[in-house]
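**Student:** When you get a sec, could you give me coordinates for this:
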Amino acid sequence: MDLKTVQKQLKRLRDLLSQPSTDVLWSTYRISNEVIEDLVLIKKGILNKDPTSIDKLLFLLLPTCDLQEISISSGWGNEFLDIAEALEIALGKIEE
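**Tutor:** I've put the predicted structure just below:
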């Protein structure tokens with residue numbers, strides 16, 4: 001697992017989610033701060049090598065799951081795909 005890349009990509013996600021134009025309407029979240037809080041908890045879990053946190057992150061990265069829906073409706077869908085791929089590689093779930 002490449003923790004440096006995981007941290008970098010989660011920061012990118014957090015920065016994008018923190019933008020005022022973030023639209024969570026098509027997700028299960030009511031406000032963007034909720035998804036940011038979830039990502040903070042997931043990051044802590046991953047840094048503590050908690051496999052459940054890795055699974056939660058991988059779930060959020062799935063096509064048509066919350067993060068992709070938010071990214072598309074917020075106008076940064078292509079950047080999300082880059083972040084998701086980088087995270088999946090860093091977590092050792094797919095090959096480069």
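**Student:** From now on I want contacts and neighbour counts done on CA atoms only, so please keep to that.
**Tutor:** OK.
**Student:** Distance check, residue 6 against residue 25.
**Tutor:** Separation of residue 6 from residue 25 (C-alpha to C-alpha, to the nearest Å): 26 Å.
**Student:** Between these two, which is the more surrounded one?
**Tutor:** Each of residue 6 and residue 25 has its neighbours counted (other C-alpha atoms under 10 Å); residue 6 has more, 21 against 15.
**Student:** which SSE is that one in?
**Tutor:** helix 3-17 (DSSP states H and E).
**Student:** Can you point out the buried residues in that helix?
**Tutor:** 5-7, 9-11, 13-14, 16-17 (16 or more other C-alpha atoms under 10 Å).
**Student:** got it, and stretch 16-31?
**Tutor:** Within stretch 16-31, judged by 16+ other C-alpha under 10 Å, the buried ones are 16-17, 22-24, 26-27.
**Student:** Next, give me the two most distant ones among the residues you listed.
**Tutor:** 16 and 26 (16.3 Å; C-alpha to C-alpha).
**Student:** centre of the chain versus stretch 40-49, how much separation?
**Tutor:** The gap between the average C-alpha position of stretch 40-49 and the chain average comes to 12 Å, counting by C-alpha atoms, centre = their mean, to the nearest Å.
**Student:** mean confidence for it?
**Tutor:** What stretch 40-49 shows for mean pLDDT is 94.
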